[in-house]
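> Next input, structure requested:
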Amino acid sequence: MLDLVVRGGLTVTPAGPLPLSIGISTGKIVSLTGAGEPVPEAGRVVDADGLIVAPGGVDPHIHCDMEVATPGGGAPTFTAGADVVSRAALHGGTTTLIDFAWNRPGEPLQTTLDERLKDWQGKSLADFSLHVVLQGSIEEARLAEMPDIISAGFPSFKIFTTDVTPNDEPSRVPIGSLLEVLKITAANGGIVAIHAEDDELVMHMYRKLAREGRTEARYMSEVHSTLSEKLAFQRVIGLAESVPGCVLYMMHVSASTGVAAIAEGRRHGVAVFGETLHQYALHTDEEYQSGDGVKFHTYPSLKGRDDTEALWRGAERGEIATFATDELCTSYAVKLQGRHIDDVTGGNTGVEPRLAIVFDEVVSRRGLGLSRFVALTSANAAKIMGLYPRKGAIAVGSDADLVLIDPARRTVISASILHESDYTPWEGREVQGWPVATVLRGELVVEGGEMTQPSSPGQLLPRQVDPDVRRGIL
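The predicted structure is shown next:
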């Protein structure tokens, strides 16, 4: 007898949407039964008639326990930890999260990971992994450690090409260090995730606007501009073109220029994949004109209407492979404490409504189909980050991570029905399609808006990037 059967839903498999029943045992999918075939006996049967059954979401870009500076030099605060964020993620149908371990100059990479894992192991309800953030001029000793870190199941390294704001701790990686990182990851099966902005242009614009007295947040997109994204993307992708076998993951693509640079790189044979955020695809820099418009902000910045449409075209064609959140779970007061171009808090609460918002836009409004929805919210992230088909697929042998979505349910998003914070930037937005149940490794952990504590904490996921991804294929 199986542990659980999810019976009768329209199941989004790698081959497309099919009417199937899913048999689950010891946390794995063990059978897929077609319509009209006998359904195996199980300890529990969940009726999914009329529902969409998709792989649990994979969010490859979140931040927990992150320090947020207070404008004016007050005591910093910290964002919510893995316990809060993972609970919200499961409520919204996301079952896998990837956070960051920030390496400090002179610190061994393994020490960085060991320390960061203390914030996740035994605390996260969802399954998880970590990217390693490399900062500044990377020492030879750190470069020499990278192959062992990749072999240990942490193949992704994040690089900044800018310090982002004049007030931040220096994080920009010089072009020479980036070249060495690309070579090492190419030779050892790793991947480089990039926050790409042109640092000289960004810092020039901070100084220029300060001289002109235009420092309010409404000028943010003049600092973190489409031109900055263009120059940085072209430089990074051009560098990667000289390193056969390297893989780039361009984080939080926000502009048409970024999409165009990715398309050009892929035409030249570079294995480069783009990530956007749902706020970039659905909101513009006009939001900065309103009283609380910074609630949508994360770095680089919101852009114009032409840019949002370019992001959607990229999502249709493939230059945009994933929708992530850049999750930074703060209170509303903390999110709105900065109101100037150099002190606005990045990130926002978004891990819980992500699947509903993307489903509404991709499936209900734009008609791009269920397979595209799954690709953008789960399968592609799992593939790029080395988790597929354990995660991101409904297939025999995959982890039984599922989200059941009612495609007819219309919901007005409100912080009062979510589980992250006292605010959501999506307050008042109506969506069609809502997650009504979540299965994590075979356990029905969310049903009807209520959570049952998983029998075991979230698992650390070792990752290995697939050779197809290394060739630019998803």
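
> Tell me the secondary structure at the residue lying closest to Val465 once chain neighbours are set aside.
In space, and not counting its chain neighbours, Val465 is closest to Gly386: 4.3 Å by CB to CB, 6 or more residues apart in numbering. Placement of C-beta: from N, CA and C, glycine included. Counting by DSSP: H, G, I helix; E, B strand; the rest coil, the backbone at Gly386 sits in coil.

> how far away is Gly386 from Gly106?
Applying CB to CB, to the nearest Å, one obtains 28 Å for the distance of Gly386 from Gly106.

> So for these two, which residue has more residues nearby?
Using other CB atoms under 10 Å as the criterion, Gly386 and Gly106 rank with Gly386 on top: 24 against 8.

> Does Ser31 have any beta-bridge partners, and if so which?
Here Ser31 shows beta-bridge partners Gly23, assigned using DSSP bridges.

> Tell me how far it lies from Leu20.
Computed as CB to CB, the Ser31 to Leu20 distance reads 9 Å.

> So which of those two has more stuff around it?
Neighbours were tallied for Ser31 and for Leu20 using other CB under 10 Å; the higher tally belongs to Leu20 (23 against 16).

> residues contacting the closest residue to that one other than its chain neighbours?
Once flanking residues are discounted, Leu20 sits nearest to Thr11: 4.2 Å by CB to CB, 6+ apart. Residues in contact with Thr11 (CB atoms under 8 Å, 6 or more residues apart in numbering) are 17-20, 22, 32, 53-54, 394.

> 6 Å - rerun?
Going by CB atoms under 6 Å, 6 or more residues apart in numbering, Thr11 touches 18, 20, 53, 394.

> And for Met250?
By CB under 6 Å, 6+ apart, the contact list for Met250 reads 194, 274.

> Which of the three states applies to Arg409?
Under the three-state scheme (three-state DSSP), Arg409 adopts strand.

> So what's the residue count around it?
For Arg409, the count of nearby residues is 14 (other CB under 10 Å).

> which SS state does the residue lying closest to it once chain neighbours are set aside fall under?
Residue nearest to Arg409 in three dimensions, not counting chain neighbours: Trp434, with 4.4 Å by CB to CB, 6+ apart. Recorded secondary structure, Trp434: strand (three-state DSSP).

> wait, is Val374 part of a strand?
No - going by three-state DSSP, the assignment for Val374 is helix, not a strand.

> Can you list the buried residues in stretch 392-410?
With burial defined by 16 or more other CB atoms under 10 Å, the residues of stretch 392-410 counted as buried are 392-394, 398-407.

> Could you export the residues you listed as a markdown table, including secondary structure and pLDDT?
Shown next, in a markdown table, are the buried residues of stretch 392-410 (DSSP: H, G, I helix; E, B strand; the rest coil; pLDDT from 0 to 100):
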| residue | secondary structure | pLDDT |
| --- | --- | --- |
| Gly392 | coil | 98 |
| Ala393 | coil | 98 |
| Ile394 | coil | 98 |
| Ser398 | coil | 98 |
| Asp399 | strand | 98 |
| Ala400 | coil | 98 |
| Asp401 | coil | 98 |
| Leu402 | strand | 98 |
| Val403 | strand | 98 |
| Leu404 | strand | 98 |
| Ile405 | strand | 98 |
| Asp406 | strand | 98 |
| Pro407 | strand | 98 |
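
> ok, of the residues you listed, which one's closest to His224?
Ranked by distance to His224 (CB to CB), the buried residues of stretch 392-410 are led by Gly392 at 30.6 Å.

> Not counting residues beside it along the chain, what's closest to that closest one?
Nearest residue to Gly392, sequence neighbours excluded (CB to CB, 6+ apart): Ala382, at 2.8 Å.

> Thought Ala393 was touching the one you found, still the case?
No - Ala382 is not in contact with Ala393 according to CB atoms under 6 Å; the separation is 7.2 Å.

> coming back round to it: can you flag which of the contacts of Thr11 belong to strands?
Within the contacts of Thr11, residues falling in strands by DSSP state E are 18, 20, 53.

> which one of these sits closest to Gly153?
Minimum distance to Gly153 across these is 28.6 Å, recorded for Val53 (CB to CB).

> give the contact list for the residue lying closest to the closest one once chain neighbours are set aside.
Nearest non-adjacent residue to Val53, counting by CB to CB, 6+ apart: Gly9, 3.9 Å away. Applying CB under 6 Å, 6+ apart to Gly9 gives the contacts 48, 51, 53.

> Show me how to select, in PyMOL, the buried members of these.
Buried subset of those, written as a PyMOL selection, criterion 16+ other CB under 10 Å:
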select buried, resi 48+51+53
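
> picking that back up, mind putting the contacts of Thr11 in a markdown table, distance to Asp65 included?
Below are the contacts of Thr11 laid out as a markdown table (distance: CB to CB, whole Å):
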| residue | distance to Asp65 |
| --- | --- |
| Leu18 | 41 |
| Leu20 | 39 |
| Val53 | 33 |
| Ile394 | 32 |
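
> of all those, which comes closest to Phe359?
Phe359 has its nearest neighbour among the contacts of Thr11 in Val53, at 12.8 Å by CB to CB.

> beta partners for that closest one?
Counting by DSSP bridges, Val53 forms beta bridges with Thr11, Leu404.

> In contact with it, which residues are there?
The neighbourhood of Val53, defined by CB under 6 Å, 6+ apart, consists of 6, 9, 11, 402, 404.

> Any chance of a markdown table for those residues, columns distance to Thr96?
A markdown table is the format used below for those (distance: CB to CB, whole Å):
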| residue | distance to Thr96 |
| --- | --- |
| Val6 | 19 |
| Gly9 | 21 |
| Thr11 | 19 |
| Leu402 | 12 |
| Leu404 | 17 |
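
> For these, which two are the farthest from each other?
Thr11 and Leu404 (10.0 Å).

> Might you list the low-confidence residue ranges for the stretch 301-450 of the chain?
Within the stretch 301-450 of the chain, no range satisfies pLDDT under 70.

> all strands in it, in order from the N-terminus.
For the stretch 301-450 of the chain, strands defined by DSSP state E, counting those that start in this stretch occupy the ranges 320-324, 327-328, 402-412, 430-440, 443-447, 450-451.
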